[in-house]
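In: Sequence first, predicted coordinates after that:
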Amino acid sequence: MPLWPSVISRFLMGLSIGIGISAAQAASSVTGTVTITIQAPLKVVFAPTAPTVACTAAPGTVVATLSTTGGDGSPASFTATGGDTDDFAVSGSNVVVGPNGVAAASCGATENLSVAATQP
């Protein structure tokens, strides 16, 4: 009978004993807990919600005040992103009459201004 199977068998038995893990080590486990705060989405708030402005309002006249709800609580910066950006602009946290005033063609019309808020 060849000697090799016997030698290999003894070698493998010695190897498994040398690197074996005890039952207590294999069965151990740990747990942990993490608290997660889920932020509400950032939302732009206009005050008043449906402002009106005179057709003859001077440039820079405040039309609405901007604020945010939700997000991470840090201060937001505001930018006009669409709508009537000829007649209106964002200055700080206000919607204001644009630098050229309200155009005569806009008098009596209802206009929209889209505003984006960004938190750093």
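Out: Okay, I see it. Numbering: from 1, shown residues only.
In: how about the helices of the protein, start to end?
Out: When assigned using DSSP state H, the helices of the chain occupy the ranges 4-18, 23-27.
In: Show me the least confident stretch of those helices, going by mean pLDDT.
Out: If the helices of the chain are sorted by mean pLDDT, helix 4-18 sits at the bottom with a mean of 50.
In: ok, Val115 - contacts?
Out: Listed by CB atoms under 8 Å, 6 or more residues apart in numbering, the contact set of Val115 reads 44, 46, 66, 78-81, 90, 95. Every C-beta, even on glycine, is put in place using the N, C-alpha and C of the backbone.
In: Mind checking which of the residues you listed are in strands?
Out: When strands are assigned by DSSP state E, the members of the contacts of Val115 inside them are 44, 46, 66, 78-81, 90, 95.
In: Mark which of those are buried, thanks.
Out: Taking 16 or more other CB atoms under 10 Å as the criterion, what is buried in the ones in strands among the contacts of Val115 is 66, 78, 80, 90, 95.
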